[in-house]
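[1] Structure for this input, please:
(2 chains)
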Amino acid sequence: MARPRVQGFDCYTNEAIDREMTDEEYAQLLESGWTPESEQADDASEPS
Amino acid sequence: MAIKTFTAGSVLTASDTNTFLANAGLVYIAETTFSGAANPFINGCFSSTYQNYRILISISPSTTTNLRFRLRYGTSTTENGLVYDRFGFSVVSGVLTNETTTNETSWWLGDMYNTTQTPLVAHFDLFNPNIANVHTNSLSMTWSSNSGRMLIAPIRVETNTQYTGCELYGDSGTLTGSMRVYGYRQA
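    Model (predicted):
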């Protein structure tokens, strides 16, 4: 899976943001518990 | 801003027209559309201009996962403390599930499946996000058209922080969709 992009809108500058995620940002994303992909969940309720 | 009353013979200026077009009951503030993003965001959408906001979301994920929402403060700092309390319930095929839980690090908006034709859609009103010393609260409804789950889950954020923005993220994979923010006009 390709690394996620950083996308959003900044009302302070009135500019859309669309750029590659830096290594530091990607490391922080992984540290937060995010995973690139997951298996199909049998239970659609919120996982613990 | 106060409503201006026009009387017979009044001159409708371009300035007045633009002012009132921009100040309907629900005023468009900002949006983000995204594809392949892990946590799409809008910075600076909450301010002292409005007390309350309406947020509309439509999302499809790259993989089956949960969608979560968090507030931001300062320029772009994510509120990821154990401060999100969720109340309410979900319904699937007529079966209710209690979805009340407290002290979470984000606001669960429901489950998503990897199909573009059946996105997760949500709308919620956000109260007082940028008001100092007042908890941010929300009344929300989420519909996951693939799983058939409707989630009605008011949220309370137990801080006195003045929030300025918001973000979405999935537990895994990336997101494709849109998020739009509107302000409820006030005098």
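[2] where do the helices sit along chain B?
    Applying DSSP state H to chain B gives helices spanning B:14-21.
[3] looking at it, which residue lies furthest from center?
    B:G9 (42.5 Å; Cα atoms, centre = their mean).
[4] Does A:G33 touch B:S172 like I think?
    No - assessed by Cβ atoms under 8 Å, A:G33 is found out of contact with B:S172, at 9.2 Å. C-beta coordinates here come from the backbone N, C-alpha and C atoms, glycine included.
[5] which of these two has more neighbours?
    B:S172 (21 against 9; other Cβ atoms under 10 Å in any protein chain shown).
[6] Give the bridge partners for the more buried one, please.
    For B:S172, the beta-bridge partners under DSSP bridges are A:T35.
[7] any idea of the pLDDT on it?
    Note for B:S172: predicted pLDDT of 92.
[8] Verify the contact between A:M21 and A:A27 for me.
    No - the pair A:M21 / A:A27 is not scored as a contact, 9.7 Å apart, by Cβ under 8 Å.
[9] Please identify which of those two sits among more neighbours.
    Neighbour tally, A:M21 and A:A27, criterion other Cβ under 10 Å: the higher count belongs to A:M21, 18 against 11.
[10] got a list of what that one touches?
    A:R3, A:P4, A:R5, A:V6, A:L29, B:A38 (Cβ atoms under 8 Å, 6 or more residues apart in numbering or on different chains).
[11] try 6 Å this time
    A:M21 makes contact with A:R3, A:P4, A:V6, according to Cβ atoms under 6 Å, 6 or more residues apart in numbering or on different chains.
[12] most centrally placed residue in chain B?
    Geometric middle of chain B (Cα atoms, centre = their mean) lands on B:I55, at 3.5 Å.
[13] wait, isn't it in contact with B:V181?
    Yes - contact criterion Cβ atoms under 6 Å: B:I55 and B:V181 qualify, at 5.5 Å.
[14] Share the number of residues neighbouring the closest residue to B:V92 other than its chain neighbours, please.
    Leaving out its chain neighbours, the residue that sits closest to B:V92 by Cβ to Cβ, 6 or more residues apart in numbering or on different chains is B:R149, at 4.9 Å. When neighbours are counted by other Cβ under 10 Å, B:R149 registers 20.
[15] and if you look at B:A153?
    The number of residues near B:A153, taken as other Cβ under 10 Å, comes to 23.
[16] That one and chain A: what is the separation?
    Distance, B:A153 to chain A, using Cβ to the nearest Cβ, to the nearest Å: 10 Å.
[17] gap between the residue lying closest to that residue once chain neighbours are set aside and B:S145?
    Spatially, and ignoring its direct neighbours in sequence, B:A153 is nearest to B:G88 (3.7 Å; Cβ to Cβ, 6+ apart). As judged by Cβ to Cβ, to the nearest Å, B:G88 and B:S145 stand 19 Å apart.
[18] try B:T13
    Using Cβ to Cβ, B:T13 is found at 46 Å from B:S145.
[19] Near chain A, which residues of chain B are found?
    Proximity of chain B to chain A, by Cβ under 6 Å from any Cβ of the partner chain, involves residues B:30, B:32, B:34, B:36-38, B:40-45, B:63-64, B:66, B:108, B:111, B:147, B:172-174.
[20] name the helices or strands packed onto the least confident helix or strand in chain A by mean pLDDT?
    Sorting the helices and strands of chain A by mean pLDDT, DSSP states H and E puts helix A:23-31 at the bottom, at a mean of 93. Using 3 or more Cβ pairs under 6 Å, 6 or more residues apart in numbering or on different chains; DSSP states H and E, no helix or strand is in contact with helix A:23-31.
[21] Which positions in that helix come out as buried?
    By neighbour count with 16 or more other Cβ atoms under 10 Å in any protein chain shown, helix A:23-31 contains the buried residues A:E25, A:Y26, A:L29.
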